[in-house]
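Peer 1: Mind looking at a prediction? Sequence and model below.
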Amino acid sequence: MEEAALVARLRAAGCVFAEEEAALLLAETAAAADPTALEHLAARRAAGEPLEHLLGWAEFRGRRVAVAPGVFVPRRRSGLLVDRAVAAARPGAVVVDLCCGSGALGAAVAAEVRGVELHAADVDAAAVACARRTVPPGARVHEGDLDDALPADLRGRVDVLLASPPYVPTAGVATMPPEARDHEPRPALDGGPDGLDVLRRIAARAPGWLAPAGTLLLECAAHQAGAAREAVAAAGLAASVGHDDEADATVVVGRREEPR
């Protein structure tokens, strides 16, 4: 299949960045022994499968992150969450990435802050497998429900706990683009009636894990910021909200105050 024909096919299927996607698919199959490999991937992409699932990787902050069918694809808006984590983490800090999915966020922090002790956790086995391919050597990825997966010896010594939990209200999942709605795991999207069920659980549990002056960072939608801030404050943390208009990204910050 010629590149022009592939671009036209992808554009007809609704791919906004058809030229870029065509180039990536051509590069992915250039050395394939199977002459039908490109046709196979093109058909799957035209049918709505995420490009990242077809390639086996997603780009996040200039790095390739392992993803697989059924695994949540990291969003660029989560860069704000990483920025805040990098700013809060000192060299050698203990960093925990909950609801880690592919492990992209924790891996980015570990790449940008020297010597962090990184732990990541997710309830989904496929996500955990991808995260273990993504995080740097020495980092640990745990499988289990939120902080239930974490080693007990982390209690009271986590410097930065970050999470991009599911925060789409249940009724809103049906209106999401088919790439997400049909191909990403429902538990990674559905945050309950108002989208904040999982965020509230993390906020309530976070103080028991945070070190003195430790920081909790939670991604949510802009319209949820007030309720999310209340949840963090209710957990006894000093709560604030950060927003990046250009990226349409919102992060709620909770800080554990140092004992006097």
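Peer 2: Thanks, I have it.
Peer 1: Beyond the longest strand along the chain, next helix or strand please.
Peer 2: Counting by DSSP state E, the longest strand found in the chain is strand 210-220. Going down the chain from strand 210-220, the next helix or strand is helix 225-234, by DSSP states H and E.
Peer 1: buried sites along that following helix?
Peer 2: Applying a neighbour-count criterion of 16 or more other Cβ atoms under 10 Å, one finds 225, 228, 229, 231, 232 buried in helix 225-234. (Each C-beta comes from the backbone N, C-alpha and C, glycine too.)
Peer 1: quick one: the last one and residue 254 touch, right?
Peer 2: Yes - look at residue 232 against residue 254 with Cβ atoms under 8 Å: they come within range, at 3.9 Å.
Peer 1: who touches both of the two?
Peer 2: 203, 216, 218, 239 (Cβ atoms under 8 Å, 6 or more residues apart in numbering).
Peer 1: quick one: which of those is most hemmed in?
Peer 2: residue 218 (31 neighbours; other Cβ atoms under 10 Å).
Peer 1: Quick check: that residue vs residue 105, distance?
Peer 2: Remark: distance between residue 218 and residue 105 (Cβ to Cβ, to the nearest Å) = 12 Å.
Peer 1: Pull up the overlap in contacts between the two.
Peer 2: Contacts common to residue 218 and residue 105, judged by Cβ under 8 Å, 6+ apart, are 162, 164.
Peer 1: Can you list the buried residues in stretch 118-131?
Peer 2: 118-124, 126-131.
Peer 1: Nearest to residue 24 among the residues you listed?
Peer 2: residue 130 (18.5 Å; Cβ to Cβ).
Peer 1: Enumerate the helices of the stretch 1-150 of the chain by residue range, in sequence order.
Peer 2: For the stretch 1-150 of the chain, the helices defined by DSSP state H, counting those that start in this stretch occupy 3-12, 18-29, 37-46, 51-55, 79-88, 104-112, 125-134.
Peer 1: how about a markdown table for those, with mean pLDDT and distance to residue 176 added?
Peer 2: Shown next, in a markdown table, are the helices of the stretch 1-150 of the chain (pLDDT from 0 to 100; distance: least, Cβ to Cβ, whole Å):
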| stretch | mean pLDDT | distance to residue 176 |
| --- | --- | --- |
| helix 3-12 | 89 | 20 |
| helix 18-29 | 91 | 20 |
| helix 37-46 | 92 | 18 |
| helix 51-55 | 93 | 16 |
| helix 79-88 | 97 | 20 |
| helix 104-112 | 97 | 19 |
| helix 125-134 | 96 | 18 |
